[in-house]
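> my questions concern the predicted model and sequence given below.
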Amino acid sequence: MAGAHELATAGFAPYAAAFDAWGTLWAASRDGRLLRLDRGAVPRDPEILEAPLACYLFYSLAIDVNGRLVLAGFSCDDVVTFDPAR
(Lines give C-alpha, C1' and ligand atoms only; values in the text may rest on other atoms or scores of the structure.)
Protein backbone atom coordinates (compact mmCIF):
# COMPACT_ATOMS: atom_id res chain seq x y z
CA MET A 1 0.00 0.00 0.00
CA ALA A 2 1.49 3.36 -1.02
CA GLY A 3 2.32 5.62 1.91
CA ALA A 4 1.91 2.86 4.51
CA HIS A 5 4.51 2.66 7.26
CA GLU A 6 5.15 0.19 10.03
CA LEU A 7 5.84 1.41 13.55
CA ALA A 8 7.22 -0.77 16.34
CA THR A 9 5.30 -0.37 19.60
CA ALA A 10 7.39 -2.56 21.89
CA GLY A 11 5.11 -4.14 24.47
CA PHE A 12 2.07 -2.11 23.40
CA ALA A 13 -0.76 -3.89 21.58
CA PRO A 14 -3.05 -1.27 20.00
CA TYR A 15 -6.73 -2.14 20.05
CA ALA A 16 -8.40 1.14 19.04
CA ALA A 17 -6.94 4.27 17.45
CA ALA A 18 -7.94 7.74 16.26
CA PHE A 19 -6.34 10.95 15.03
CA ASP A 20 -7.03 14.23 16.80
CA ALA A 21 -7.59 17.55 15.01
CA TRP A 22 -3.84 18.33 15.19
CA GLY A 23 -2.80 15.10 13.46
CA THR A 24 -1.64 13.26 16.57
CA LEU A 25 -2.33 9.54 16.49
CA TRP A 26 -3.76 8.15 19.72
CA ALA A 27 -4.15 4.44 20.40
CA ALA A 28 -5.55 2.52 23.35
CA SER A 29 -4.52 -0.95 24.44
CA ARG A 30 -6.86 -3.32 26.22
CA ASP A 31 -4.61 -3.21 29.32
CA GLY A 32 -5.38 0.47 30.02
CA ARG A 33 -2.42 2.20 28.37
CA LEU A 34 -2.42 4.93 25.75
CA LEU A 35 -0.01 5.64 22.91
CA ARG A 36 0.62 9.11 21.49
CA LEU A 37 2.47 9.68 18.21
CA ASP A 38 2.86 13.31 17.20
CA ARG A 39 2.66 13.86 13.46
CA GLY A 40 5.78 16.02 13.31
CA ALA A 41 7.89 14.02 15.75
CA VAL A 42 11.38 13.12 14.51
CA PRO A 43 12.33 10.43 15.17
CA ARG A 44 8.89 8.86 15.14
CA ASP A 45 9.04 7.45 18.63
CA PRO A 46 5.63 6.79 20.18
CA GLU A 47 5.03 7.84 23.77
CA ILE A 48 3.34 5.23 25.96
CA LEU A 49 1.23 6.64 28.79
CA GLU A 50 -0.34 4.94 31.75
CA ALA A 51 -3.92 6.15 31.64
CA PRO A 52 -4.76 7.73 35.00
CA LEU A 53 -8.25 6.30 34.87
CA ALA A 54 -10.06 3.73 36.98
CA CYS A 55 -11.20 1.92 33.82
CA TYR A 56 -9.13 -0.79 32.21
CA LEU A 57 -9.78 -3.19 29.36
CA PHE A 58 -10.36 -0.31 26.94
CA TYR A 59 -12.58 -1.29 24.08
CA SER A 60 -13.22 1.95 22.21
CA LEU A 61 -11.55 5.32 21.65
CA ALA A 62 -12.86 8.58 20.23
CA ILE A 63 -11.66 12.17 20.41
CA ASP A 64 -13.95 15.13 21.03
CA VAL A 65 -13.65 18.56 19.36
CA ASN A 66 -11.54 19.84 22.26
CA GLY A 67 -8.94 17.07 21.90
CA ARG A 68 -10.04 15.03 24.93
CA LEU A 69 -9.91 11.27 24.54
CA VAL A 70 -13.21 9.53 25.20
CA LEU A 71 -12.84 5.88 26.23
CA ALA A 72 -15.07 2.98 27.13
CA GLY A 73 -14.29 -0.57 28.11
CA PHE A 74 -15.52 -3.83 29.52
CA SER A 75 -14.69 -2.91 33.11
CA CYS A 76 -16.08 0.65 32.89
CA ASP A 77 -19.39 1.62 34.39
CA ASP A 78 -19.29 4.87 32.42
CA VAL A 79 -17.63 6.50 29.46
CA VAL A 80 -14.44 8.18 30.71
CA THR A 81 -12.41 11.09 29.35
CA PHE A 82 -8.71 11.85 29.40
CA ASP A 83 -7.45 15.36 28.72
CA PRO A 84 -3.86 15.14 27.43
CA ALA A 85 -3.45 18.91 27.86
CA ARG A 86 -3.47 18.50 31.65
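Done, it's in. Residues are numbered from 1 along each chain as shown.

> in which helix or strand would I find Leu71?
Leu71 is part of strand 69-73 when elements are defined by DSSP states H and E.

> one more: Arg36?
Arg36 belongs to strand 33-37, assigned by DSSP H and E.

> what's the first helix or strand after that strand?
strand 47-50.

> and that following strand, what does it pack against?
In this structure, strand 47-50 packs against strand 33-37, with contacts taken as 3 or more CB pairs under 8 Å, 6 or more residues apart in numbering; DSSP states H and E. The way it works is simple: take the backbone N, C-alpha and C, and place the C-beta from them, glycine included.

> return the list of strands paired to the strand it packs on, each annotated with direction.
strand 25-29 (antiparallel), strand 47-50 (antiparallel) (DSSP bridges).

> any idea of the mean pLDDT in the last one?
Predicted confidence along strand 47-50 averages 86 (mean pLDDT).

> quick one: residues in contact with it.
Thr9, Gly11, Phe12, Gly32, Arg33, Leu34, Leu35, Arg36, Leu37 (CB atoms under 8 Å, 6 or more residues apart in numbering).

> give me the distance between the last one and Ala72.
Pointing back at Leu37 there. According to CB to CB, to the nearest Å, Leu37 stands 22 Å off from Ala72.

> what's the answer for Thr24, then?
Counting by CB to CB, the gap from Thr24 to Ala72 is 20 Å.

> straight-line length of stretch 39-47, end to end?
Using CA to CA, to the nearest Å, the end-to-end distance of stretch 39-47 comes to 12 Å.

> stretch 18-25 now?
Rule used - CA to CA; the end-to-end distance of stretch 18-25 is 6 Å.

> in it, what's buried?
Using 16 or more other CB atoms under 10 Å as the test for burial, stretch 18-25 gives Asp20, Thr24, Leu25.
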